[in-house]
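Undergrad: Whatever this is, show me its structure:
(chains A, B, C and D)
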2 protein chains.
Amino acid sequence: MDTPEYPAIDREALTRRLRTHGVTPTSQRLDIARELFEKPAHFSAEDVYERVNGVEAAVSKATIYNTLGLFVAKGLLRQVFVEPGKVIYDTNLDDHDHFYDEDSGTLIDIGSVGIAAAALPPLPSGTALDRVDVIVRIRRSQP
Amino acid sequence: MDTPEYPAIDREALTRRLRTHGVTPTSQRLDIARELFEKPAHFSAEDVYERVNGVEAAVSKATIYNTLGLFVAKGLLRQVFVEPGKVIYDTNLDDHDHFYDEDSGTLIDIGSVGIAAAALPPLPSGTALDRVDVIVRIRRSQP
DNA sequence: TATAGACTTAGAATAATTCTAGGTCTAACC
DNA sequence: GGTTAGACCTAGAATTATTCTAAGTCTATA
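TA: The predicted model follows:
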C-alpha cells in the first residue's frame, strides 16, 4: 500500500479555502492553516503552537486559540473530547469515528460506526440532533 | 408514572458496598458515597464538594478528587467527558449512553445504543477493547 | 489616505485538577 | 492494651489548559 503524498498547499489554495468558509485570511491564519491542512491529522492547541512557531512565524498563543476556535465555528475543523483538560482538533471533516488508545493517548480515525437516527430514543422535545460522537476506547492488552 | 423513591442508604449498606469493591470505608469516603449513591445521578467534582460540605461534614477538595478517582478505579463510578475541562461522574453503572444538551450542559442517560463489536473495524494489533462511549449531542431547536 | 472595525499580542486571570508535605487515623501485631 | 507502618486526609501551593484584557496593528473601504 502506498503512503499517500500530501503536496504542500500553496497560499492561494489556502486563502480560497478560508474565504469559502467565511474566514478572512490573515497572515497568522494562513500560517496556522498551512500546518493544519497539510494532511489529515489530529492536533492539540499546543501541537499547533509548536509547529507554527517551529518554522519561522511567530504566532501568539492567544491567536492560536482564537483561530482554532474560529475554524471550528466555521466548520474547518472538528473538536474531539477524549480526556479532561485536553481538546483535540481533527482536520478530517468526513463523517467518522475514533479509536482512542488510552495508554498512549493516540487518536485514530475509523470509518463511521453508523448509528441510525432510528436507533436512538426519541429526543427530548424542543431539541434537535447535533451529532453523535463515538469513541472506541482501547488499551494495550498485556501479553 | 410514579417517581421512584430512593430511601436513605444506611452506613452499613454503604460500608459493605465500598468493601465489596476493595475500598476501605473511611468516614470521608462514606460521607461522599452517601451523596453519590442516594440515587442514580451525574455530578461534577464541584457538585460533590458542595453537597458533601453543605450538610455538615467537612471534606477537603483534595479528598473529593482522590476519592472520586479511587471510586472510578474501583468500578464504583464512571467518568463521562463531554466538554474540555469538565469531568462528569456517573453513578449509573449499567451499560448505557447519553444525550448531552449542548445549550444547557445537561447529561441525560439513555439505554445503550448497542454497537456490536462486529460493527467495529479490527482493533490495532496488541490492543483490546475497553469500552465504547457514545454521546448524542443535541441542541435546543429554535422555534 | 483617513478610518472603523477586525485582528493580534503579551501577559494577567481563571478554572479544574494535581501535588506536596506534614499531620492523623487505623488495623494488625506484639 | 500499646506500637507502629502504612494508609489517609488536609491546606495551600503548583500546574495545565484555556480565556480574558487592554492596547497596539493591520486592512478594506470610502
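
Undergrad: The top strand by length along chain A to strand B:127-140, inter-axis angle?
TA: For chain A, the strand that runs over the most residues, judged by DSSP state E, is strand A:127-140. Relative orientation of strand A:127-140 versus strand B:127-140 (axes from the mean of the first three to the mean of the last three CA atoms, to 10 degrees): 160 degrees.

Undergrad: Strand A:127-140 pairs with which strands, parallel or anti?
TA: strand A:96-101 (parallel), strand B:127-140 (antiparallel) (DSSP bridges).

Undergrad: Get me the contact residues on chain A for DNA strand D.
TA: By CB under 7 Å from any atom of the strand, the part of chain A that sits against DNA strand D consists of A:24, A:26-27, A:44-46, A:61-62, A:65, A:69, A:85-87. Yep, even glycine has a C-beta here, placed from its N, CA and C like the rest.

Undergrad: could you dump these to CSV with neighbour count?
TA: Written out in CSV, the entries for the residues of chain A next to DNA strand D read as follows (neighbours: other CB atoms under 10 Å in any protein chain shown):
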residue, neighbour count
A:Thr24, 9
A:Thr26, 12
A:Ser27, 10
A:Ser44, 14
A:Ala45, 18
A:Glu46, 11
A:Lys61, 12
A:Ala62, 8
A:Tyr65, 14
A:Gly69, 15
A:Gly85, 10
A:Lys86, 15
A:Val87, 19
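
Undergrad: Mind checking which of those residues land in strands?
TA: Filtering the residues of chain A next to DNA strand D for membership in strands, criterion DSSP E, returns A:Lys86, A:Val87.

Undergrad: and which of the residues of chain A next to DNA strand D is nearest A:Leu129?
TA: Proximity to A:Leu129 was ranked across those by CB to CB; first place goes to A:Val87, at 22.1 Å.

Undergrad: max-length helix in chain A?
TA: Residue-count comparison of every helix in chain A, with assignments taken from DSSP state H, identifies helix A:61-73 as the longest.
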